[in-house]
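K.L.:
Got a predicted structure plus its sequence, pasted below:
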Amino acid sequence: MNLFETFRTGLNAVVSHRLRSALTVVGIMIGITAVILTVGLGEGAQQQVGSEISALGSNLLTVTPGSSTSSSGIRGGFGSASTLTVGDAAALDSKVVAPDIDAVAPATSASESLVAGTTNWTTTVVGTDPSWLTVRGRTMTEGRFIVSHDLATRANVIVLGATTAEELFGARDPVGESVNVAGQPMSVIGVLNTVGSSTSSSTVADPDDQAIVPLTTASALLFGGTSRSSVSQILVQATSSGSLSAAYQEADAELLSLHRITTSTTADFTITSEQQVLSTATSVDKTLTVLLGGVAGISLLVGGIGVMNIMLVSVTERIREIGLRKALGATPRVIRRQFLVEASVLGTVGGLLGALLGLIGAAVLPHFISDPITISPVATIGAIVVAVAIGIIFGVYPAGRAAKLAPIDALRND
Amino acid sequence: MRRIEDTAPVWVDRTATHPAVRRPVIDVEDVLKTYRSGSLEVDALRGVSFTIDSGEYVSIMGPSGSGKSTLMHILGCLDVPTSGTFLLAGDDVSTMSEEELAHVRNRRIGFVFQQYNLLPSLDALRNVELPLLYSGVDRPDRHRRALDALDRVGLGDRIDHRPGELSGGQQQRVAVARALVTDPDLILADEPTGNLDSVSARDVMGLLDELHRSGRTIVLITHAAEVADASQRVMRIFDGEITHATAAELAGP
């Protein structure tokens, strides 16, 4: 019996037990759809993080206050101290000390409530200096950014992010309007460009929803703080992404010497690159994908067991048919092949339908949930191959049982 | 093993083509079959010996439990004897592997069962084609030979009917067509009229008679004397032994 005839016989058996075949196929289908969608969700999240990396700029370093050891020997935790100052930032900005550093922006931030007329909006207020715009790679859509004169005069001026401006003023032009921040009236001098809000990543605050004030204004009027000159972070931009590690070394060495610290293990600051933060986010997303994929894989396994179950029932129920086929000259091998074909047809149909449903889901779901789904062709083809393999693997045992049946036992069964 | 000529018509009259040949199709020598269930051993056949020649029409008769089903299984190569030899057209099948037995059943034996045993999902034509499928006959040939066989049993106009759409008699005729489509050495009919009304039974018996007249070797297993009477020779089996053969056997065919 050739392959075509074997296939025809197997297909005939699948078609003549429509309901049973359909239910088995649904089991496989759900598994495959789940795998495709979870992998697609994971890939989508990773791609989003990747695009955020490039949006943030890959040549950015962030210096944050780190753990410090006081004279009494008590070591404070990460971020608990205010060890960074405006002076540190100024020192790093020196081309002599750090030739690989292009620009430096000290920044301090706090969550504040902004009030414009009757509208109230809570957002992150950042106190910084004019180089923030370059370091962050932002532009203005309206008005101007803060300048050194604003810093020198502790001017009550504020630059709004696009979202913040819209929330406070709606369609009105915010430039020239007044905003109350912590009881201080500030005049809006400009609006930042839109970089697109990130919705999935929890690691980066929405860059379109923030307000920028001069650093001096922030420390004198808004945040107070332990030291008027301390900052919560110093943003350092390397001259290029290639010189990032050189800039890292220079900043590290300069800050250690400024803080009179001899060994880097006792440093009272921490330098991180945005890449580090985002690679952590990526690995978190990857872990999540593996976890979800595992759950989807289990549902696929359950589908496979469904195939085996139905094939075993089928063998038991069709004992007479198997006996007759054997009496008419079907060898054990032919019988085994027939049942394997049946099982793999179930797997294949389930796989194809599952892939189709997965693709439809990937097209439809993003309209209802905020997360993007990226379908990779490799994963889709892989899922179909897995479905066929599951059909075959879980069909081996039932097919073997069918092949082993003695024809007289099979025929005697009336 | 005799090759099946793909182009040969199904109803070759073998007595006409080989008038002098009277070799035994079945040569059973001291066949013993013991079934074991737990510690209990049951002798289903206790040393059975007989021969059936080519072109003979023989009935094996006996009540239920007499061992006739066991004998039928062995003659049909569905089972092998515990001891003794069984030569089918000269070949010893008692030592064959399962695979070889499948080939023997496929090419040399045509079965007609009491329950018809047609596959309900296939139409008459494809049911008849089934044995040819397993012997690897290609599609056009399979088709033609199955059509010929169905014509032969008078069902040439019912080829696309499924078993459920046919009467019991018609189903059994499809089964007869399936049994003769491979041009086998032996047609083995196990209570072929057991499920049929008297009209259909006569119809099927007439068909077997016709096949016999065209030179087929037919072995009929039954418990009913009136069915056995249709054959040339009757062998009686009781308690696993051949107890009695009719005068026809003693006189020789």
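P.N.:
Cool, the structure landed. This one's a predicted model, so the numbers in the text were calculated from it and none came from an experiment.
K.L.:
can you pull out the helices in the stretch 201-350 of chain A?
P.N.:
For the stretch 201-350 of chain A, the helices defined by DSSP state H, counting those that start in this stretch cover A:215-217, A:244-258, A:274-317, A:319-327, A:332-364.
K.L.:
try the stretch 1-150 of chain A
P.N.:
A:3-16, A:18-56, A:86-92, A:132-136, A:148-152.
K.L.:
To chain B, which of those helices lies closest?
P.N.:
Comparing the helices of the stretch 1-150 of chain A by their distance to chain B (CB to the nearest CB), the top pick is helix A:3-16, with 4.0 Å. Just so you know, the C-beta spots here come from the backbone N, C-alpha and C atoms, and that holds for glycine as well.
K.L.:
rounded to a whole number, what's the mean pLDDT of the closest one?
P.N.:
Looking at helix A:3-16 alone, the average pLDDT works out to 85.
K.L.:
Same check on stretch B:97-108?
P.N.:
Averaged across stretch B:97-108, pLDDT comes to 92.
K.L.:
who's in contact with it?
P.N.:
Here stretch B:97-108 makes contact (CB atoms under 8 Å, 6 or more residues apart in numbering or on different chains) with A:326-333, A:407, B:1-2, B:4, B:76-78, B:80, B:88-89, B:91, B:93, B:96, B:111, B:131, B:134-135, B:182, B:184-186.
K.L.:
before we move on, what about stretch A:128-137?
P.N.:
With CB under 8 Å, 6+ apart, stretch A:128-137 has contacts from A:56-57, A:60, A:89, A:93, A:102-108, A:126, A:138-140, A:145-148, A:151, A:207, A:212, A:214-215, A:218, A:235-237.
K.L.:
which residues does A:Leu160 bridge with?
P.N.:
Beta bridges link A:Leu160 to A:Val191, A:Ala211, judged by DSSP bridges.
K.L.:
A:Arg306 touches A:Val25, doesn't it?
P.N.:
Small correction: residue A:306 is Gly, not Arg. No - A:Gly306 is not in contact with A:Val25 according to CB atoms under 8 Å; the separation is 9.3 Å.
K.L.:
out of these two, which sits in the busier spot?
P.N.:
A:Val25 (27 against 22; other CB atoms under 10 Å in any protein chain shown).
K.L.:
Pull up the pairing partners for the helix or strand hosting B:Ile60, direction included.
P.N.:
Using DSSP states H and E, B:Ile60 sits within strand B:57-61. Strand B:57-61 has the following sheet partners, assigned by DSSP bridges: strand B:218-222 (parallel), strand B:233-238 (parallel).
K.L.:
and the next helix or strand after the first one, what other elements does it pack with?
P.N.:
In the C-terminal direction, the helix or strand that comes right after strand B:218-222 (DSSP H and E) is helix B:225-228. Packed against helix B:225-228, as judged by 3 or more CB pairs under 8 Å, 6 or more residues apart in numbering or on different chains; DSSP states H and E, are the following elements: strand B:57-61, strand B:218-222.
K.L.:
need those in JSON lines with distance to B:Arg236, mean neighbour count and mean pLDDT, can you?
P.N.:
Shown next, in JSON lines, are these (distance: least, CB to CB, whole Å; neighbours: other CB atoms under 10 Å in any protein chain shown; pLDDT from 0 to 100):
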{"stretch": "strand B:57-61", "distance to B:Arg236": "5", "mean neighbour count": "24", "mean pLDDT": "93"}
{"stretch": "strand B:218-222", "distance to B:Arg236": "11", "mean neighbour count": "25", "mean pLDDT": "92"}
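K.L.:
I'd like those strands written out as TSV, with distance to A:Ser229 added.
P.N.:
Formatted as TSV, the helices and strands packed on helix B:225-228 follow (distance: least, CB to CB, whole Å):
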stretch	distance to A:Ser229
strand B:57-61	115
strand B:218-222	111
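K.L.:
Can you report how many residues lie near the residue lying closest to A:Ser21 once chain neighbours are set aside?
P.N.:
Of all residues not flanking A:Ser21 in the chain, A:Val14 sits nearest, at 4.8 Å (CB to CB, 6 or more residues apart in numbering or on different chains). When neighbours are counted by other CB under 10 Å, A:Val14 registers 21.
K.L.:
Which single residue of chain B ends up nearest chain A?
P.N.:
For chain B, CB to the nearest CB, closest residue to chain A: B:Asn106, 2.2 Å.
K.L.:
part of a strand, is that residue?
P.N.:
No - counting by DSSP: H, G, I helix; E, B strand; the rest coil, B:Asn106 is not found in a strand; it is helix.
K.L.:
Distance-wise, check it relative to B:Tyr134.
P.N.:
Distance from B:Asn106 to B:Tyr134, counting by CB to CB, to the nearest Å: 5 Å.
K.L.:
again with A:Val315
P.N.:
Using CB to CB, A:Val315 is found at 19 Å from B:Tyr134.
K.L.:
In contact with residue 193, which residues are there?
P.N.:
No chain in the question, so chain A it is. A:138-141, A:162.
K.L.:
Sorry, I should have been clearer: chain B.
P.N.:
Residues in contact with B:Thr193 (CB under 8 Å, 6+ apart) are B:172, B:200-201, B:204-205, B:222, B:224, B:227.
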